[in-house]
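Asker: I would like to see how this sequence folds:
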Amino acid sequence: MRKEVENWWKQAERDMMSAENALRSGDYYLVAFLCQQSVEKGLKALYIKKLKKSPGTVHSLIFLGKSTRIPEKFYSTLRRLSPDFIITRYPDAANGLPYELYDEEIAKERINLAKKVIKWIKAELER
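Answerer: Take a look at the predicted model:
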C-alpha cells in the first residue's frame, strides 16, 4: 500500500477508536465529529489509491464518496455524518453548544453508521 494511503487509513482507524473512547467518556459531540473524520480520512485514503492523486483540502463526504464510487446505499450515511464536521465544533453553527446537541443515542448511531462505511472502505483498500 502506498505510504500516503496507509497514513490516511491509519488515522481513519485511530479516529474511529477515539470515537469509541469518547462514547465511553460521555463526550457525545466528539463521537459525532470523530466518526465524520474517520469516514472522511478513510475515503481520502481510497481516493488516493483509486485516482492516484490527492483530493486536496476537500471535506465533502459526498464528493469523496462519488469519486471513489461508494455504493448508493451509503449516501444517506454520508449525508447524515457531513454536518457533524461543523456543528460539533462551533457554538454558532447550530445555535447551541455542541456538547448539548448530542446524546448517547445519537453517538451510538453515528458509530454504527461510520463503522459500516469504514468496513466497506477497508475491503476496497485491501483489493
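
Asker: so residue 102 makes contact with residue 31?
Answerer: Yes - at 7.1 Å, residue 102 and residue 31 qualify as touching, with contact defined as Cβ atoms under 8 Å. Every C-beta, even on glycine, is put in place using the N, C-alpha and C of the backbone.

Asker: between the two, who's got more neighbours?
Answerer: For residue 102 and residue 31, the more surrounded residue by other Cβ atoms under 10 Å is residue 31, and the numbers stand at 29 against 20.

Asker: what about the more buried one, is that helix, strand or coil?
Answerer: Recorded secondary structure, residue 31: helix (DSSP: H, G, I helix; E, B strand; the rest coil).

Asker: measure it to residue 95 for me?
Answerer: Here the criterion is Cβ to Cβ, to the nearest Å. By it, residue 31 lies 21 Å from residue 95.

Asker: which stretches of the protein form helices?
Answerer: Taking DSSP state H as the criterion, the chain carries its helices at 3-25, 28-51, 61-67, 75-81, 84-87, 98-101, 104-125.

Asker: Switch the ones you listed over to a markdown table; also include mean pLDDT.
Answerer: Output for the helices of the chain, formatted as a markdown table (pLDDT from 0 to 100):
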| stretch | mean pLDDT |
| --- | --- |
| helix 3-25 | 98 |
| helix 28-51 | 98 |
| helix 61-67 | 98 |
| helix 75-81 | 98 |
| helix 84-87 | 96 |
| helix 98-101 | 95 |
| helix 104-125 | 98 |
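
Asker: Name the stretch among these that sits most buried.
Answerer: helix 28-51 (a mean of 24; mean count of other Cβ atoms under 10 Å).
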